[in-house]
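Q: What follows is a protein structure lacking sequence information:
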């Protein structure tokens, strides 16, 4: 039985990665902080690797005390914060600490999977509306995206460190928080847009994502990067239409001017940080949700892993909303 370490295991994607690892008969170590919630990590087969990625020396000691991990999926990171420097600290420096600790304790895994983001490349061309391709030059527009790209570049330079970089597009599904706010708004009868109803977006259902990650982990491929989507493109209007259908509601549609939302994001971000918690709508998030083209080319997934998503957007939202209703969240 192979040993696998999954960092960020207590979060949305991390908890699903942990479940998939158990299904595939790995000996699973959930990388968590002492303060992390273990709500979705109740399976008794899960072992815990409790440490802080902020301290490389402590991390090295923990690795020396543990048997070598055959595989590592590094999923830990932050997507929003009130302190801009934390994007670089958590998403880049902590990743560097983990990679360096594995190398310096002579415990590099057979395969290291880094969960990056489409944000590391930035949005696609808004004039041609062509999908983002792996051959394009990365031009991240957010501090989050820049920190992810910086971590990617560090990993790529490492010697004798087999890795694959995964860049998911919008990940949705049960336990997720940002799209959940959109579901709640639509249930309450309000359907909102920024600038246009025709923003091009792409998605990947969390179960398809984790399945693809493990297929990549178990493959002979190394040293490559992939955009991960369900191989389709959508508009924000299509997304909202599917949500309305599942919730069986009618809505008031409002298209807000970008300038208005930009101001609102600034105010929301400032107030929330004064109160001590970063808001979902903030200046960094505005750069993402106001971009017109988030379509990406995921064809390499089909070529390299015979990837065939089990969920399109309609099926994924149907399952997601059903589970939210079951838990009295919608």
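A: In hand now; what should we look at? Remember, predicted model here, so these are calculated numbers, not experimental data.

Q: ok, and the closest non-adjacent residue to residue 158?
A: Closest residue to residue 158 apart from its sequence neighbours, by Cβ to Cβ, 6 or more residues apart in numbering: residue 99 at 6.2 Å. (Each C-beta comes from the backbone N, C-alpha and C, glycine too.)

Q: That neighbour against residue 159, yeah?
A: No - using Cβ atoms under 8 Å, residue 99 makes no contact with residue 159, being 11.2 Å away.

Q: The two: which has the busier surroundings?
A: Taking other Cβ atoms under 10 Å, residue 99 and residue 159 do not tie; residue 99 has more neighbours (22 against 6).

Q: So which residues make contact with the one helix or strand the more buried one maps to?
A: In the assignment (DSSP states H and E), residue 99 maps to helix 94-104. Helix 94-104 is contacted by residues 7, 53-56, 59-60, 63, 72, 74, 76-77, 108-109, 112, 114, 151, 154-155, 158, 161 when judged by Cβ atoms under 8 Å, 6 or more residues apart in numbering.

Q: what do you get for stretch 77-84?
A: 8, 86-87, 90-91, 94-95, 115, 143-144, 148, 272-273, 276-280, 282, 284-285.

Q: Buried subset of the residues you listed as a ChimeraX selection?
A: Buried members of those, defined by 16 or more other Cβ atoms under 10 Å, are picked up in ChimeraX with:
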select :8,86,87,90,91,94,95,115,143,144,148,272,278,279,280,282,284,285
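
Q: From the contacts of stretch 77-84, which land in strands?
A: If you go by DSSP state E, the contacts of stretch 77-84 have residue 115 in strands.

Q: Could you check the pLDDT of the residue nearest to residue 158?
A: Residue 99 is assigned a predicted lDDT (pLDDT) of 97.

Q: which residues in the stretch 1-150 of the chain form strands?
A: 3-7, 27-32, 47-50, 71-74, 111-115 (DSSP state E, counting those that start in this stretch).

Q: Identify the residue spatially nearest to residue 36, adjacent ones excluded.
A: residue 10 (4.1 Å).

Q: Could you count how many residues lie near residue 22?
A: 15.

Q: which residues in the stretch 1-150 of the chain form helices?
A: 12-23, 56-65, 85-86, 94-104, 143-157 (DSSP state H, counting those that start in this stretch).

Q: where does the stretch 101-250 of the chain have low pLDDT?
A: Applying pLDDT under 70 to the stretch 101-250 of the chain flags no residue at all.

Q: Just put the strands of the stretch 1-150 of the chain in JSON lines and tack on distance to residue 237.
A: Conversion of the strands of the stretch 1-150 of the chain to JSON lines gives the following (distance: least, Cβ to Cβ, whole Å):
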{"stretch": "strand 3-7", "distance to residue 237": "36"}
{"stretch": "strand 27-32", "distance to residue 237": "39"}
{"stretch": "strand 47-50", "distance to residue 237": "44"}
{"stretch": "strand 71-74", "distance to residue 237": "35"}
{"stretch": "strand 111-115", "distance to residue 237": "29"}
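
Q: Would you mind telling me which of these is nearest residue 203?
A: Of all the strands of the stretch 1-150 of the chain, strand 111-115 sits nearest to residue 203, with 16.2 Å by Cβ to Cβ.

Q: Can you check what angle separates the closest one from helix 94-104?
A: Counting by axes from the mean of the first three to the mean of the last three Cα atoms, to 10 degrees, strand 111-115 lies at 170 degrees to helix 94-104.

Q: Which neighbours in the sheet does strand 111-115 have, and how are they oriented?
A: Applying DSSP bridges, strand 111-115 is found paired with strand 71-74 (parallel), strand 163-168 (parallel).

Q: if you compare the ones you listed, which one is most tucked away?
A: Mean neighbours per residue, mean count of other Cβ atoms under 10 Å, is largest over the strands paired with strand 111-115 for strand 71-74, with a mean of 26.

Q: From the contacts of helix 94-104, list just the buried residues.
A: Buried members of the contacts of helix 94-104, scored by 16+ other Cβ under 10 Å, are 7, 53, 56, 59-60, 63, 72, 74, 76-77, 108-109, 112, 114, 151, 154-155, 158, 161.

Q: Run through the bridge partners of the residue nearest to residue 41 when sequence neighbours are not counted.
A: Closest residue to residue 41 apart from its sequence neighbours, by Cβ to Cβ, 6+ apart: residue 30 at 5.4 Å. Beta-bridge pairing for residue 30 (DSSP bridges): residue 6, residue 48.

Q: picking that back up, mind listing what's buried along the helix holding residue 99?
A: With burial defined by 16+ other Cβ under 10 Å, the residues of helix 94-104 counted as buried are 94, 95, 96, 97, 98, 99, 101, 102.
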